[in-house]
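*Asks:* okay, structure incoming, though there's no sequence with it:
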Ligand code: NAD
(Lines give C-alpha, C1' and ligand atoms only; values in the text may rest on other atoms or scores of the structure.)
Protein backbone atom coordinates (compact mmCIF):
# COMPACT_ATOMS: atom_id res chain seq x y z
CA UNK A 1 0.00 0.00 0.00
CA UNK A 2 1.27 3.48 -0.88
CA UNK A 3 1.50 6.32 1.66
CA UNK A 4 -1.58 8.49 1.55
CA UNK A 5 -3.35 11.58 2.88
CA UNK A 6 -7.01 11.47 3.88
CA UNK A 7 -9.16 14.60 4.05
CA UNK A 8 -12.74 13.91 5.14
CA UNK A 9 -15.48 16.18 3.77
CA UNK A 10 -17.85 17.47 6.47
CA UNK A 11 -21.28 16.63 5.14
CA UNK A 12 -24.36 14.87 6.47
CA UNK A 13 -26.16 12.33 4.28
CA UNK A 14 -29.68 10.99 4.76
CA UNK A 15 -30.33 8.06 2.40
CA UNK A 16 -33.44 5.99 1.78
CA UNK A 17 -36.94 5.82 0.40
CA UNK A 18 -39.33 8.59 1.44
CA UNK A 19 -36.52 10.50 3.14
CA UNK A 20 -37.84 13.81 1.78
CA UNK A 21 -40.20 13.65 4.76
CA UNK A 22 -37.12 14.29 6.92
CA UNK A 23 -36.55 17.70 5.29
CA UNK A 24 -38.32 19.76 8.02
CA UNK A 25 -36.21 18.10 10.72
CA UNK A 26 -33.05 18.76 8.73
CA UNK A 27 -34.09 22.41 8.26
CA UNK A 28 -34.55 22.65 12.01
CA UNK A 29 -31.05 21.28 12.60
CA UNK A 30 -29.68 24.07 10.42
CA UNK A 31 -32.05 26.68 11.86
CA UNK A 32 -33.62 27.43 8.45
CA UNK A 33 -36.86 29.43 8.60
CA UNK A 34 -37.03 31.10 5.17
CA UNK A 35 -35.38 28.79 2.65
CA UNK A 36 -35.38 29.34 -1.10
CA UNK A 37 -36.18 26.21 -3.14
CA UNK A 38 -34.14 25.88 -6.33
CA UNK A 39 -35.01 23.86 -9.44
CA UNK A 40 -34.69 23.73 -13.23
CA UNK A 41 -37.69 24.89 -15.31
CA UNK A 42 -38.83 21.27 -15.99
CA UNK A 43 -38.80 20.50 -12.26
CA UNK A 44 -40.63 23.69 -11.20
CA UNK A 45 -43.90 21.88 -10.45
CA UNK A 46 -42.16 19.36 -8.18
CA UNK A 47 -40.34 22.23 -6.45
CA UNK A 48 -43.60 24.16 -5.89
CA UNK A 49 -45.26 21.03 -4.51
CA UNK A 50 -42.37 20.62 -2.08
CA UNK A 51 -42.56 24.30 -1.11
CA UNK A 52 -46.29 23.95 -0.45
CA UNK A 53 -45.65 21.11 2.00
CA UNK A 54 -43.17 23.29 3.91
CA UNK A 55 -45.51 26.29 4.27
CA UNK A 56 -43.96 29.48 5.62
CA UNK A 57 -40.60 27.80 6.18
CA UNK A 58 -40.07 28.48 2.49
CA UNK A 59 -39.57 32.05 1.29
CA UNK A 60 -40.03 31.20 -2.41
CA UNK A 61 -39.06 29.10 -5.42
CA UNK A 62 -36.46 29.98 -8.05
CA UNK A 63 -36.83 27.55 -10.96
CA UNK A 64 -34.30 29.02 -13.38
CA UNK A 65 -31.33 26.66 -12.90
CA UNK A 66 -29.62 25.56 -16.11
CA UNK A 67 -26.59 23.44 -17.08
CA UNK A 68 -23.06 24.70 -16.26
CA UNK A 69 -24.09 27.39 -13.75
CA UNK A 70 -23.97 30.56 -15.87
CA UNK A 71 -23.22 33.59 -13.68
CA UNK A 72 -26.12 35.58 -15.16
CA UNK A 73 -28.54 32.97 -13.80
CA UNK A 74 -26.78 33.08 -10.43
CA UNK A 75 -27.08 36.88 -10.45
CA UNK A 76 -30.84 36.60 -10.97
CA UNK A 77 -31.12 34.02 -8.19
CA UNK A 78 -29.02 36.24 -5.89
CA UNK A 79 -31.49 39.08 -6.41
CA UNK A 80 -34.30 36.74 -5.32
CA UNK A 81 -32.28 35.60 -2.28
CA UNK A 82 -31.86 39.24 -1.24
CA UNK A 83 -35.45 40.32 -2.00
CA UNK A 84 -36.94 37.43 -0.02
CA UNK A 85 -34.39 37.51 2.79
CA UNK A 86 -33.75 33.78 2.31
CA UNK A 87 -31.69 32.13 5.05
CA UNK A 88 -30.67 29.01 3.11
CA UNK A 89 -31.34 27.01 -0.05
CA UNK A 90 -32.93 23.68 -0.86
CA UNK A 91 -31.67 22.46 -4.25
CA UNK A 92 -34.10 19.91 -5.65
CA UNK A 93 -32.69 18.43 -8.86
CA UNK A 94 -29.57 17.31 -10.66
CA UNK A 95 -26.13 18.84 -11.03
CA UNK A 96 -27.49 22.00 -12.62
CA UNK A 97 -29.72 22.88 -9.68
CA UNK A 98 -27.16 21.83 -7.08
CA UNK A 99 -24.57 23.94 -8.93
CA UNK A 100 -26.80 26.98 -8.49
CA UNK A 101 -27.13 26.29 -4.76
CA UNK A 102 -23.34 26.08 -4.54
CA UNK A 103 -22.90 29.34 -6.46
CA UNK A 104 -25.26 31.08 -4.02
CA UNK A 105 -23.39 29.57 -1.05
CA UNK A 106 -20.10 30.81 -2.50
CA UNK A 107 -21.45 34.36 -2.51
CA UNK A 108 -23.41 34.30 0.76
CA UNK A 109 -22.27 31.38 2.94
CA UNK A 110 -25.95 30.43 3.28
CA UNK A 111 -26.48 26.80 4.33
CA UNK A 112 -27.54 24.36 1.63
CA UNK A 113 -29.68 21.25 1.67
CA UNK A 114 -29.22 19.28 -1.56
CA UNK A 115 -31.91 16.85 -2.69
CA UNK A 116 -30.39 15.11 -5.72
CA UNK A 117 -32.65 13.62 -8.39
CA UNK A 118 -29.97 12.44 -10.85
CA UNK A 119 -26.75 10.44 -10.42
CA UNK A 120 -24.31 13.30 -11.22
CA UNK A 121 -22.85 13.53 -7.69
CA UNK A 122 -22.21 17.27 -7.42
CA UNK A 123 -23.86 17.35 -3.99
CA UNK A 124 -20.91 15.50 -2.42
CA UNK A 125 -18.13 17.71 -3.78
CA UNK A 126 -16.50 21.00 -2.91
CA UNK A 127 -16.21 21.74 -6.63
CA UNK A 128 -18.07 24.50 -8.46
CA UNK A 129 -17.81 25.07 -12.21
CA UNK A 130 -19.33 28.36 -13.38
CA UNK A 131 -19.62 29.77 -16.88
CA UNK A 132 -19.10 33.37 -17.89
CA UNK A 133 -20.13 33.59 -21.52
CA UNK A 134 -18.19 30.80 -23.27
CA UNK A 135 -15.56 30.46 -20.55
CA UNK A 136 -15.84 27.95 -17.68
CA UNK A 137 -14.03 28.53 -14.40
CA UNK A 138 -13.81 25.76 -11.85
CA UNK A 139 -12.83 26.10 -8.23
CA UNK A 140 -12.63 23.96 -5.13
CA UNK A 141 -13.66 25.49 -1.83
CA UNK A 142 -15.34 24.07 1.28
CA UNK A 143 -17.76 27.02 1.10
CA UNK A 144 -19.76 25.27 -1.64
CA UNK A 145 -20.11 21.84 -0.02
CA UNK A 146 -23.79 21.30 0.94
CA UNK A 147 -24.33 20.95 4.70
CA UNK A 148 -26.96 18.22 4.26
CA UNK A 149 -27.76 15.86 1.39
CA UNK A 150 -31.08 14.04 1.34
CA UNK A 151 -31.13 11.11 -1.08
CA UNK A 152 -34.70 9.98 -1.60
CA UNK A 153 -34.81 7.02 -3.97
CA UNK A 154 -38.46 7.82 -4.74
CA UNK A 155 -37.44 11.09 -6.40
CA UNK A 156 -35.33 9.26 -8.97
CA UNK A 157 -38.20 7.13 -10.28
CA UNK A 158 -39.16 9.85 -12.77
CA UNK A 159 -35.65 10.09 -14.24
CA UNK A 160 -36.15 8.76 -17.79
CA UNK A 161 -34.29 5.48 -18.57
CA UNK A 162 -31.97 7.07 -21.16
CA UNK A 163 -31.00 9.87 -18.77
CA UNK A 164 -30.60 7.34 -15.95
CA UNK A 165 -28.16 5.33 -18.09
CA UNK A 166 -25.96 8.27 -19.11
CA UNK A 167 -26.14 9.94 -15.70
CA UNK A 168 -25.16 6.64 -14.06
CA UNK A 169 -22.20 6.08 -16.38
CA UNK A 170 -21.15 9.70 -15.88
CA UNK A 171 -21.04 8.93 -12.15
CA UNK A 172 -19.23 5.64 -12.71
CA UNK A 173 -16.50 7.45 -14.63
CA UNK A 174 -15.65 9.38 -11.47
CA UNK A 175 -15.21 6.11 -9.57
CA UNK A 176 -13.02 4.59 -12.31
CA UNK A 177 -10.76 7.66 -12.33
CA UNK A 178 -10.68 7.73 -8.52
CA UNK A 179 -9.11 4.24 -8.56
CA UNK A 180 -6.04 5.48 -10.43
CA UNK A 181 -6.02 9.09 -9.18
CA UNK A 182 -2.58 10.44 -8.18
CA UNK A 183 -3.96 11.17 -4.70
CA UNK A 184 -6.13 8.08 -4.25
CA UNK A 185 -6.10 6.15 -0.98
CA UNK A 186 -7.36 2.78 0.30
CA UNK A 187 -10.69 4.12 1.57
CA UNK A 188 -11.43 5.96 -1.68
CA UNK A 189 -10.61 2.73 -3.53
CA UNK A 190 -13.08 0.78 -1.36
CA UNK A 191 -15.82 3.31 -2.06
CA UNK A 192 -15.02 3.55 -5.76
CA UNK A 193 -15.12 -0.20 -6.29
CA UNK A 194 -18.37 -0.50 -4.34
CA UNK A 195 -19.79 2.40 -6.38
CA UNK A 196 -19.05 0.62 -9.66
CA UNK A 197 -20.52 -2.61 -8.33
CA UNK A 198 -23.73 -0.91 -7.14
CA UNK A 199 -24.23 1.01 -10.40
CA UNK A 200 -23.47 -2.04 -12.54
CA UNK A 201 -26.08 -3.94 -10.55
CA UNK A 202 -28.62 -1.13 -10.51
CA UNK A 203 -28.51 0.48 -13.95
CA UNK A 204 -29.60 -2.54 -16.04
CA UNK A 205 -32.54 -3.00 -13.69
CA UNK A 206 -33.39 0.70 -13.81
CA UNK A 207 -33.44 0.66 -17.60
CA UNK A 208 -35.48 -2.55 -17.71
CA UNK A 209 -37.96 -1.34 -15.08
CA UNK A 210 -37.57 2.41 -14.36
CA UNK A 211 -40.17 2.28 -11.57
CA UNK A 212 -38.51 -0.62 -9.72
CA UNK A 213 -37.26 0.41 -6.32
CA UNK A 214 -34.37 -2.09 -5.77
CA UNK A 215 -32.57 -1.08 -8.99
CA UNK A 216 -33.12 2.60 -8.23
CA UNK A 217 -31.80 2.12 -4.71
CA UNK A 218 -28.58 0.49 -5.93
CA UNK A 219 -28.09 3.16 -8.58
CA UNK A 220 -28.55 6.06 -6.16
CA UNK A 221 -26.34 4.42 -3.54
CA UNK A 222 -23.64 3.98 -6.20
CA UNK A 223 -24.11 7.59 -7.30
CA UNK A 224 -23.60 8.81 -3.74
CA UNK A 225 -20.32 6.89 -3.51
CA UNK A 226 -19.21 8.20 -6.90
CA UNK A 227 -19.88 11.79 -5.82
CA UNK A 228 -17.99 11.17 -2.60
CA UNK A 229 -14.84 9.97 -4.33
CA UNK A 230 -15.11 12.76 -6.91
CA UNK A 231 -14.97 15.19 -4.02
CA UNK A 232 -11.87 13.58 -2.55
CA UNK A 233 -9.37 13.01 -5.35
CA UNK A 234 -8.18 14.57 -8.59
CA UNK A 235 -9.59 13.44 -11.92
CA UNK A 236 -7.42 12.59 -14.94
CA UNK A 237 -7.71 11.79 -18.65
CA UNK A 238 -11.40 10.96 -18.83
CA UNK A 239 -12.45 14.15 -17.08
CA UNK A 240 -10.08 16.28 -19.13
CA UNK A 241 -11.27 14.82 -22.46
CA UNK A 242 -14.91 15.35 -21.56
CA UNK A 243 -14.14 18.91 -20.49
CA UNK A 244 -12.59 19.58 -23.90
CA UNK A 245 -15.44 17.91 -25.80
CA UNK A 246 -18.07 19.77 -23.81
CA UNK A 247 -16.31 23.13 -23.59
CA UNK A 248 -14.83 23.46 -27.08
CA UNK A 249 -17.27 21.37 -29.14
CA UNK A 250 -20.54 21.80 -27.22
CA UNK A 251 -21.13 18.08 -26.65
CA UNK A 252 -23.70 17.12 -23.97
CA UNK A 253 -22.28 16.47 -20.50
CA UNK A 254 -23.48 13.06 -19.29
CA UNK A 255 -23.63 11.41 -22.74
CA UNK A 256 -20.06 12.44 -23.52
CA UNK A 257 -18.82 11.04 -20.21
CA UNK A 258 -20.62 7.79 -20.95
CA UNK A 259 -19.14 7.39 -24.45
CA UNK A 260 -15.56 8.27 -23.49
CA UNK A 261 -15.36 6.09 -20.35
CA UNK A 262 -14.42 2.68 -21.87
CA UNK A 263 -11.87 4.31 -24.19
CA UNK A 264 -10.21 6.39 -21.45
CA UNK A 265 -10.03 3.21 -19.33
CA UNK A 266 -8.46 1.33 -22.26
CA UNK A 267 -5.89 4.09 -22.80
CA UNK A 268 -4.79 3.79 -19.17
CA UNK A 269 -5.37 0.07 -18.62
CA UNK A 270 -1.82 -1.26 -18.91
CA UNK A 271 -0.52 1.57 -16.72
CA UNK A 272 -3.09 1.09 -13.95
CA UNK A 273 -3.42 -2.70 -13.56
CA UNK A 274 -4.61 -2.62 -9.93
CA UNK A 275 -7.34 -0.09 -10.71
CA UNK A 276 -8.46 -2.12 -13.72
CA UNK A 277 -8.54 -5.31 -11.66
CA UNK A 278 -10.90 -3.59 -9.22
CA UNK A 279 -13.12 -2.26 -12.03
CA UNK A 280 -13.26 -5.72 -13.63
CA UNK A 281 -14.03 -7.36 -10.27
CA UNK A 282 -16.83 -4.85 -9.61
CA UNK A 283 -18.30 -5.46 -13.05
CA UNK A 284 -17.85 -9.22 -12.83
CA UNK A 285 -15.84 -9.36 -16.07
CA UNK A 286 -12.32 -10.25 -17.21
CA UNK A 287 -11.43 -7.03 -19.01
CA UNK A 288 -12.42 -3.67 -17.48
CA UNK A 289 -12.61 -1.43 -20.59
CA UNK A 290 -14.50 -4.09 -22.50
CA UNK A 291 -16.82 -4.59 -19.54
CA UNK A 292 -17.55 -0.85 -19.39
CA UNK A 293 -18.31 -0.83 -23.11
CA UNK A 294 -20.60 -3.86 -22.81
CA UNK A 295 -22.46 -2.34 -19.86
CA UNK A 296 -23.06 0.87 -21.84
CA UNK A 297 -24.36 -1.15 -24.79
CA UNK A 298 -26.56 -3.25 -22.54
CA UNK A 299 -28.27 -0.25 -20.96
CA UNK A 300 -28.75 1.51 -24.30
CA UNK A 301 -26.34 4.36 -23.60
CA UNK A 302 -24.84 6.09 -26.67
CA UNK A 303 -21.55 4.51 -27.79
CA UNK A 304 -20.25 6.94 -30.40
CA UNK A 305 -19.22 10.59 -30.27
CA UNK A 306 -20.46 10.98 -33.85
CA UNK A 307 -23.98 10.33 -32.57
CA UNK A 308 -23.54 13.24 -30.14
CA UNK A 309 -22.79 15.68 -32.96
CA UNK A 310 -18.98 15.63 -33.14
CA UNK A 311 -17.60 15.78 -36.70
CA UNK A 312 -14.73 13.50 -37.74
CA UNK A 313 -12.92 16.58 -39.05
CA UNK A 314 -12.87 17.94 -35.47
CA UNK A 315 -10.93 15.00 -34.00
CA UNK A 316 -7.48 16.43 -34.77
CA UNK A 317 -8.28 19.67 -32.98
CA UNK A 318 -9.84 17.84 -30.03
CA UNK A 319 -6.70 15.68 -29.66
CA UNK A 320 -4.54 18.77 -29.92
CA UNK A 321 -6.40 20.65 -27.16
CA UNK A 322 -6.65 17.59 -24.91
CA UNK A 323 -2.92 16.88 -25.03
CA UNK A 324 -1.79 20.49 -24.70
CA UNK A 325 -1.46 21.03 -20.93
CA UNK A 326 0.15 18.24 -18.90
CA UNK A 327 -1.79 16.72 -15.98
CA UNK A 328 -1.48 13.65 -13.78
CA UNK A 329 -2.53 10.44 -15.55
CA UNK A 330 -1.33 6.82 -15.25
CA UNK A 331 -0.16 6.76 -18.87
CA UNK A 332 1.60 9.84 -20.22
CA UNK A 333 -0.62 11.97 -22.43
CA UNK A 334 0.57 11.26 -25.97
CA UNK A 335 -1.11 13.14 -28.80
CA UNK A 336 -1.17 10.16 -31.16
CA UNK A 337 -2.64 7.89 -28.52
CA UNK A 338 -5.30 10.46 -27.65
CA UNK A 339 -6.11 10.88 -31.35
CA UNK A 340 -6.56 7.09 -31.68
CA UNK A 341 -8.73 6.98 -28.55
CA UNK A 342 -10.94 9.75 -29.94
CA UNK A 343 -11.22 7.99 -33.31
CA UNK A 344 -12.46 4.82 -31.61
CA UNK A 345 -14.86 6.76 -29.37
CA UNK A 346 -16.11 8.75 -32.36
CA UNK A 347 -16.90 5.59 -34.31
CA UNK A 348 -18.26 3.69 -31.29
CA UNK A 349 -15.78 0.81 -31.58
CA UNK A 350 -14.98 -1.59 -28.77
CA UNK A 351 -12.04 -0.15 -26.82
CA UNK A 352 -8.58 -1.19 -28.01
CA UNK A 353 -5.94 -2.64 -25.69
CA UNK A 354 -3.36 -0.07 -24.60
CA UNK A 355 0.35 -0.82 -25.20
CA UNK A 356 2.30 -2.11 -22.22
CA UNK A 357 4.40 0.50 -20.41
CA UNK A 358 8.07 0.86 -21.26
P1 LIG B 1 -29.20 18.34 -14.92
O2 LIG B 1 -29.18 18.74 -13.49
O3 LIG B 1 -29.08 19.42 -15.93
O4 LIG B 1 -30.52 17.51 -15.19
C5 LIG B 1 -30.81 17.08 -16.50
C6 LIG B 1 -32.29 17.22 -16.81
O7 LIG B 1 -33.00 16.22 -16.10
C8 LIG B 1 -32.88 18.56 -16.37
O9 LIG B 1 -33.77 19.00 -17.36
C10 LIG B 1 -33.61 18.21 -15.08
O11 LIG B 1 -34.69 19.05 -14.85
C12 LIG B 1 -34.06 16.80 -15.37
N13 LIG B 1 -34.23 15.95 -14.18
C14 LIG B 1 -33.40 15.87 -13.13
N15 LIG B 1 -33.84 14.95 -12.26
C16 LIG B 1 -34.98 14.44 -12.77
C17 LIG B 1 -35.89 13.45 -12.34
N18 LIG B 1 -35.69 12.74 -11.21
N19 LIG B 1 -36.96 13.20 -13.10
C20 LIG B 1 -37.14 13.85 -14.27
N21 LIG B 1 -36.30 14.79 -14.74
C22 LIG B 1 -35.23 15.08 -14.00
O23 LIG B 1 -28.06 17.27 -15.25
P24 LIG B 1 -26.99 16.48 -14.35
O25 LIG B 1 -26.33 15.53 -15.27
O26 LIG B 1 -27.56 16.01 -13.09
O27 LIG B 1 -25.96 17.62 -13.95
C28 LIG B 1 -25.08 18.15 -14.93
C29 LIG B 1 -24.43 19.40 -14.39
O30 LIG B 1 -23.83 19.14 -13.13
C31 LIG B 1 -23.32 19.91 -15.29
O32 LIG B 1 -23.37 21.33 -15.32
C33 LIG B 1 -22.05 19.43 -14.60
O34 LIG B 1 -20.94 20.25 -14.91
C35 LIG B 1 -22.46 19.54 -13.16
N36 LIG B 1 -21.72 18.63 -12.25
C37 LIG B 1 -20.95 19.21 -11.29
C38 LIG B 1 -20.24 18.42 -10.41
C39 LIG B 1 -19.42 19.06 -9.35
O40 LIG B 1 -18.83 18.36 -8.53
N41 LIG B 1 -19.33 20.38 -9.30
C42 LIG B 1 -20.32 17.02 -10.50
C43 LIG B 1 -21.12 16.45 -11.49
C44 LIG B 1 -21.83 17.27 -12.36
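*Replies:* Here it is on my side, so go on. This is a predicted model, so every value here is computed, not measured.

*Asks:* element containing residue 317, please.
*Replies:* Using DSSP states H and E, residue 317 falls within helix 315-322.

*Asks:* for that helix, which residues meet the burial criterion?
*Replies:* Neighbour counts over helix 315-322 (16 or more other Cβ atoms under 10 Å) mark 315, 318, 319, 321, 322 as buried. Using the backbone N, CA and C atoms, a C-beta is placed for each residue, glycine as well.

*Asks:* I'd like the average pLDDT over that helix.
*Replies:* Helix 315-322 carries an average pLDDT of 95.

*Asks:* then stretch 169-183?
*Replies:* 97.

*Asks:* and if you look at stretch 200-208?
*Replies:* Taken as a whole, stretch 200-208 carries a mean pLDDT of 98.

*Asks:* can you list contacts of that stretch?
*Replies:* Residues outside stretch 200-208 that contact it (Cβ atoms under 8 Å, 6 or more residues apart in numbering) are 161, 164-165, 168-169, 172, 212, 214-222, 282-284, 295, 298-300.

*Asks:* now do stretch 9-26
*Replies:* Contacts of stretch 9-26 (Cβ under 8 Å, 6+ apart): 50, 54, 57, 90, 113, 115, 124-126, 142, 145-155, 213, 217, 220-221, 224, 228, 231-232.

*Asks:* what mean pLDDT does it get?
*Replies:* Mean pLDDT, computed over stretch 9-26, is 96.

*Asks:* that one close to the ligand?
*Replies:* No - Stretch 9-26 lies apart from the ligand when judged by Cβ under 6 Å from any ligand atom; the minimum separation is 11.4 Å.

*Asks:* straight-line length of that stretch, end to end?
*Replies:* One end of stretch 9-26 sits 18 Å from the other (Cα to Cα, to the nearest Å).

*Asks:* in it, which residues are buried?
*Replies:* So stretch 9-26, judged by 16+ other Cβ under 10 Å, has buried residues 11, 13, 14, 19, 20, 23, 26.

*Asks:* distance of residue 324 from residue 203?
*Replies:* Distance, residue 324 to residue 203, by Cβ to Cβ, to the nearest Å: 34 Å.

*Asks:* ok, those two, which is more surrounded?
*Replies:* residue 203 (29 against 10; other Cβ atoms under 10 Å).

*Asks:* that's a helix at the more buried one, yeah?
*Replies:* Yes - applying DSSP: H, G, I helix; E, B strand; the rest coil, one finds residue 203 inside a helix.

*Asks:* how about the nearest residue to it, chain neighbours excluded?
*Replies:* residue 168 (4.6 Å; Cβ to Cβ, 6 or more residues apart in numbering).

*Asks:* contacting residues around that neighbour?
*Replies:* 119, 199, 202, 203, 206, 219, 222, 223, 299 are the contacts of residue 168 under Cβ under 8 Å, 6+ apart.

*Asks:* ok, now residue 158?
*Replies:* residue 117.

*Asks:* then the one 4 residues further on?
*Replies:* Residues near residue 162 by Cβ under 8 Å, 6+ apart: 300, 301.

*Asks:* in a helix, it, correct?
*Replies:* Yes - counting by three-state DSSP, residue 162 is part of a helix.

*Asks:* can you tell me how far it sits from residue 70?
*Replies:* Separation of residue 162 from residue 70 (Cβ to Cβ) stands at 25 Å.

*Asks:* give me the neighbour count for residue 140.
*Replies:* 13.

*Asks:* for it, what are phi and psi?
*Replies:* phi -120, psi 120 (degrees, to the nearest 10).

*Asks:* start at 17, not 1
*Replies:* Right, with 17 as the first residue, what we last looked at is residue 156.

*Asks:* that one and the ligand: what is the separation?
*Replies:* 9 Å (Cβ to the nearest ligand atom, to the nearest Å).

*Asks:* same question, residue 86
*Replies:* 10 Å.

*Asks:* please identify which helix or strand holds the residue nearest to that residue when sequence neighbours are not counted.
*Replies:* Leaving out its chain neighbours, the residue that sits closest to residue 86 by Cβ to Cβ, 6+ apart is residue 147, at 4.9 Å. Using DSSP H and E, residue 147 sits within strand 143-148.

*Asks:* tell me the residue of the stretch 17-166 of the chain that sits nearest the ligand?
*Replies:* In the stretch 17-166 of the chain, the residue found nearest to the ligand is residue 111; the distance is 1.9 Å by Cβ to the nearest ligand atom.

*Asks:* burial check on residue 151, number of neighbours?
*Replies:* Residue 151: 8 neighbours (other Cβ under 10 Å).

*Asks:* no further questions, thank you.
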